[in-house]
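>>> got a predicted model here, sequence first, then my questions.
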Amino acid sequence: MSVLTGGHSATEAARGRTFGPLYSRNALAVVSRGLMAAKSSTWLILVSGFFEPVLYLISMGVGLGPIVGTVAGPGGQAISYAAYIAPALLAVSAMNGAVYDSTWNVFFKMNFAKLYQGMLYTSLGPLDVAIGEIFLALLRGLLYATGFTAVMAVMGLITTPWAILVIPASVLIAFGFASFGMGITSFMKTFQQMDWINFFMLPMFLFSATFYPLSVYPQYIQWLIQAMPLWHGVELLRQISIGSFSPATAVHVAYYLVMIALGIALTTGRLRKLFLK
Amino acid sequence: MHNEATRSFSTSASFQMNPPAVITAENLTKSYGELTAVDGISFEVPAGESFGLLGPNGAGKSTTMKMIGGVSQRTSGKLSIMGLDPETHGPEVRAHLGVVPQQDNLDEELKVRENLIVYGRYFGLPLSYLRPKADELLEFAQLTDKAKSRVDALSGGMKRRLTIARSLINEPKILLLDEPTTGLDPQARHILWDWLFRLKEQGVTLILTTHYMDEAEQLCDRLIVVDKGRIMAEGSPGSLIREYSTREVLELRFGSERNATIGRELEGIGERVETLPDRVLIYTNDGESALEQVSARRLHPVTSLVRRSSLEDVFLRLTGRSLVD
Ligand SMILES: Nc1ncnc2c1ncn2[C@@H]1O[C@H](COP(=O)(O)OP(=O)(O)OP(=O)(O)O)[C@@H](O)[C@H]1O
Ligand SMILES: [Mg+2]
C-alpha cells in the first residue's frame, strides 16, 4: 500500500522551506483555491455583482438624466448626468465588493463554512490566508471595474483615453476598503455586529457626492463627508473619467495609500484574533 | 467484549531507550472566559508512540488537540512540538502534522479530488507530487468513483474517510486524530485501524481521541484519561486496567426497574459494586465465585455474564457516573 510509504522528497522539500510565525509565503495556494471554487460554483454571484452598478447607471443615468440635464463636472465643464454619476457608481461598487469580501465573506468562511479552519491546519499561516483573500477580492474588483468601464464606453460616457485609469484607481479604492474590512471583522463575534457595517456603509453610499455635488450641504457636513473614504474615491474616479486633474487628485490617491497602510497594519495586528481563537 | 489478546500493538518502544519526545506539554491551560477547558495538563509523547486522550464530553480533548495544532492559543503553560512552539512557529510545526478534526471541515465548494489537491497546495507541495498522491489516497479511502463528485453529495462516513485521507497528503510525522472513527461503519473502522498500524510501523506518531474504549485499547500504547480539563490517570491500557479495575467483572441484569434496589443488596460481594441504569457491575478477581455468592443471597438476575475488565471499566470509574445520577 504505497500511500502509507512516506519519505517522498517532495514532502521533505515542502517541510524544509523557511516559515514565518504567521506566514509561509504561500498565499498563492489560497488564490488558486479561490479561482478553483469560483470556476465551479459562484458564477451567479459573480455576475450579480457586476450588474448592480450597471442597473443603477441605467435607471438613474438614462431615466433621471434627461430630467436633470447637464451638471458641472470636476473642472467646472458641463457633463451629462450619466457621465457625472457613472464614476461615482464605480467607486461605490468597488467599495461594496471589497467590504463584502473582506467582512461578510471572511466572517462566514471563518465561522460557518469552516474553510479557514481547514487551511490553518496546514502549513499556511493567517497572513497567507489574509493576503490570498484580499488578492482575490481585488481580482474580482478588477473584473467588475473593467466590465463597468466597458459599459460606460458603450453608453458613450467616455470622452478621453485617461478614463482607462479608472480601472486601476478602483482597484486602489477596493484595496483600501478590503485591507481595513478584514481588520474590522476580527472584532466581530455575531451576525448582529456584522450588520453595523451596513449601517455605516449605506449613508456613505447615499451622501458622498454620489448623485449630486457636495455643495448642497452646509459647510460642517461637507467636512464630515470629506473625511470619509468613499467621497475621495468618488472624486478621484470622477476626475480621472474626464481627464481633469488637480492637486486634489494627489490628495485622493494619498488618502487611499494611507488607508491601505493603516488597514494592513490593523489586519496584521489582528490576525491571531481573527484566525486563531 | 475484547481483552488482552488484542495487545499485540502495544509498547515495543518502552523496552528501548527512551526516544526523544516529539510533543511536550507542561501545565497546558486554556480558558474561555470563566470556563477553564484545559486545566494545567502535562504529558510527553515520544516519537513513534501512539498516544490516546480519553475523557467524557467537554473534558478538553479537542481543545488540547487544537493547541497542539497551533490553531488555538493557550492561556498559559508550555508546549513544544518537535522542539518548536506551535504558537510562534505555527506554519513550520503544521508542516509536520496531519490533522483529522472532530468535525469534518472539507471544502464544500470544491470537488472530492480537488479537496485533496488544494489541501496539498496549502502545504506548498507541487502538482507533480499531488496528482498521483491524490489518486492513491482516493483509492485508499475507497472514493475513486466519487473523485468528481461534490463534497456535499458524500455520505457522512465518506466525508470522514475523505478527511482522513486528506490528513495524509503531506506524509505527516505526527497525526492528530480527533474521534477519527465516529460515523464510520465497522468495515471502514477496521480499515482505518489497519492504516494506523501501518503508519505507526513507519514511525508516525499518533495522537488520538476516541469514545470507543475498544479502539483505545487496540490502538494506544499509552493514554491519559482527562476529566474537566485535568488528567485523572495515565498509563498503558493494560496498566490502567490493572491499577483501576479488578481482573474480572460480573455483569448482572435484573431489569431496569430493579437494578437500583438490588444493587444495594449486593454490597460486600467482590471488591466494588457499581449500579448502572441497565445493569449492575461487580468488580472482582473471580467472577464465578461472585456469581455463586449472588445466588446464595437468593437474588436471581435475568442475565449474568463474567468478563475480563476492560478500559471501559477504568473510564467509568475514573470519570464518575454523573450521567447516571
Ligand atoms: N470556542 C469555544 N468557546 C467557548 N468554550 C469552548 C470553546 N470550545 C470549547 N469550549 C468549551 O471547552 C470545554 C472543552 O471542550 P472540548 O471541545 O475540548 O471537549 P472534548 O473533550 O473534545 O469533548 P467531546 O468529547 O464532546 O468532543 C467545553 O466545556 C466546551 O464547552
Ligand atoms: Mg472533542
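Perfect, thanks for sending it. Ligands and ions are numbered 1, 2, ... in the order given.
>>> helix, strand, or coil at the residue of the stretch 51-200 of chain A found nearest ligand 2?
Ligand 2 sits closest to residue A:117 of the stretch 51-200 of chain A, with a gap of 13.8 Å, by C-beta to the ion. C-beta coordinates here come from the backbone N, C-alpha and C atoms, glycine included. When states are read from DSSP: H, G, I helix; E, B strand; the rest coil, the local structure at residue A:117 comes out as helix.
>>> leaving out sequence neighbours, find the closest residue to it.
Among residues not flanking residue A:117 along the chain, residue B:105 sits closest, at 4.9 Å (C-beta to C-beta, 6 or more residues apart in numbering or on different chains).
>>> distance of that neighbour from residue B:237?
30 Å (C-beta to C-beta, to the nearest Å).
>>> looking at the two, which is more packed in?
In this view residue B:105 and residue B:237 are compared by other C-beta atoms under 10 Å in any protein chain shown, and residue B:237 has more residues nearby, 27 against 20.
>>> near ligand 1, which residues of chain A?
Taking C-beta under 6 Å from any ligand atom as the measure of proximity, chain A contacts ligand 1 at residue A:277.
>>> next, see if the biggest helix by length in chain B gets close to chain A.
Longest helix in chain B by number of residues (criterion: DSSP state H): helix B:186-201. Yes: among the residues of helix B:186-201, B:195, B:198-199 lie within reach of chain A under C-beta under 8 Å from any C-beta of the partner chain.
>>> look up phi and psi at residue B:294.
Taking degrees, to the nearest 10, you get phi -60, psi -50 for the backbone angles of residue B:294.
>>> the one 3 residues further on too?
Residue B:297 adopts backbone torsions of phi -90, psi 10, taken as degrees, to the nearest 10.
>>> number of nearby residues for it?
Based on other C-beta under 10 Å, the number of other residues close to residue B:297 is 12.
>>> and it, how close does it get to residue B:307?
The value you get for residue B:297 to residue B:307, if C-beta to C-beta is used, is 21 Å.
>>> how near is the residue of the stretch 151-300 of chain B found nearest chain A to residue B:30?
With distances taken as C-beta to the nearest C-beta, the stretch 151-300 of chain B approaches chain A most closely at residue B:171, which sits 3.9 Å away. As judged by C-beta to C-beta, residue B:171 and residue B:30 stand 29 Å apart.
>>> same check, this time on residue B:21
Look at residue B:21 and residue B:30: by C-beta to C-beta, they are 21 Å apart.
>>> higher neighbour count, the two?
More neighbours surround residue B:30 than the other of residue B:21 and residue B:30, with 22 against 18 (other C-beta under 10 Å).
>>> okay, now the domains of chain B?
Domain assignment of chain B by automatic domain parsing yields the ranges B:2-238, B:246-308.
>>> need those domains in a markdown table with mean pLDDT, can you?
Below are these laid out as a markdown table (pLDDT from 0 to 100):
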| stretch | mean pLDDT |
| --- | --- |
| domain B:2-238 | 91 |
| domain B:246-308 | 89 |
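>>> just those domains: most buried one?
Ranked by average neighbour count under the criterion mean count of other C-beta atoms under 10 Å in any protein chain shown, the domains of chain B are headed by domain B:2-238 at a mean of 19.
>>> how about the stretch 1-150 of chain A: which residue is closest to ligand 1?
Nearest residue of the stretch 1-150 of chain A to ligand 1, counting by C-beta to the nearest ligand atom: residue A:111, 10.4 Å away.
>>> could you check how far that residue is from residue A:99?
If you measure residue A:111 against residue A:99 using C-beta to C-beta, the figure is 18 Å.
>>> before we move on, what about residue B:72?
Using C-beta to C-beta, residue B:72 is found at 28 Å from residue A:99.
>>> what's the answer for residue A:174, then?
In this structure, residue A:174 and residue A:99 are separated by 9 Å, where distance is defined by C-beta to C-beta.
>>> of these two, who's got more company?
Summary of the neighbour comparison: residue A:174 and residue A:99, criterion other C-beta under 10 Å, with residue A:174 having more neighbours (32 against 24).
>>> hmm, the more buried one is touching residue A:92, no?
No: the criterion here is C-beta atoms under 8 Å, and residue A:174 misses it with residue A:92 at 11.2 Å.
>>> could you grab the helix/strand/coil label for the residue of the stretch 151-300 of chain B closest to chain A?
State at residue B:171, reduced to three classes by three-state DSSP: coil.
>>> quick check: phi and psi at residue B:226.
Per degrees, to the nearest 10, the residue geometry at residue B:226, taken as phi and psi, is phi -110, psi 140.
>>> which SS class is the residue nearest to residue A:117?
Using three-state DSSP, the three-state assignment for residue B:105 comes out as coil.
>>> torsion angles phi and psi at it?
In terms of degrees, to the nearest 10, the main-chain angles of residue B:105 are phi -130, psi 50.
>>> which residues touch it?
For residue B:105, the set of contacting residues under the criterion of C-beta atoms under 8 Å, 6 or more residues apart in numbering or on different chains consists of A:114-115, A:117-118, A:121, B:163.
>>> give me the nearest residue to residue A:110, chain neighbours excluded.
Counting by C-beta to C-beta, 6+ apart, residue A:116 is the residue found nearest to residue A:110 once chain neighbours are left out, at 5.1 Å.
>>> from residue B:87, how far off is the one you found?
Distance, residue A:116 to residue B:87, using C-beta to C-beta: 17 Å.
>>> over to residue B:175?
Summarising the geometry, the distance separating residue B:175 from residue B:87, computed by C-beta to C-beta, is 21 Å.
>>> what do you get for residue A:149?
Shown here: residue A:149 relative to residue B:87, a distance of 46 Å by C-beta to C-beta.
>>> do the same with residue B:131
Computed with C-beta to C-beta, the distance linking residue B:131 and residue B:87 is 34 Å.
>>> with only the CA atoms kept, save the lowest-mean-pLDDT helix or strand in chain A in PDB.
With mean pLDDT, DSSP states H and E as the measure, the helix or strand of chain A carrying the lowest mean pLDDT is helix A:43-56 (a mean of 81). What follows is the C-alpha trace of helix A:43-56 in PDB, where atoms were taken according to Å, rounded to 0.1, in the frame of the first residue of the first chain:
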ATOM      1  CA  TRP A  43     -20.900  32.300 -11.300                       C
ATOM      2  CA  LEU A  44     -24.300  33.700 -10.400                       C
ATOM      3  CA  ILE A  45     -22.900  35.800  -7.500                       C
ATOM      4  CA  LEU A  46     -20.100  37.000  -9.700                       C
ATOM      5  CA  VAL A  47     -22.500  38.200 -12.400                       C
ATOM      6  CA  SER A  48     -24.900  39.800 -10.000                       C
ATOM      7  CA  GLY A  49     -22.100  41.900  -8.500                       C
ATOM      8  CA  PHE A  50     -21.300  43.200 -12.000                       C
ATOM      9  CA  PHE A  51     -24.900  44.100 -12.800                       C
ATOM     10  CA  GLU A  52     -25.700  46.100  -9.700                       C
ATOM     11  CA  PRO A  53     -23.900  49.300 -10.600                       C
ATOM     12  CA  VAL A  54     -24.900  48.900 -14.300                       C
ATOM     13  CA  LEU A  55     -28.600  48.800 -13.300                       C
ATOM     14  CA  TYR A  56     -28.100  51.900 -11.200                       C
END
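>>> not counting its neighbours along the chain, what's nearest residue 236?
Reading this off chain A. Skipping the residues right next to it in sequence, residue A:236 comes nearest to residue A:252 by C-beta to C-beta, 6+ apart, at 3.9 Å.
>>> let me rephrase: I mean chain B.
For residue B:236, the spatially nearest residue (C-beta to C-beta, 6+ apart) is residue B:222, at 5.3 Å.
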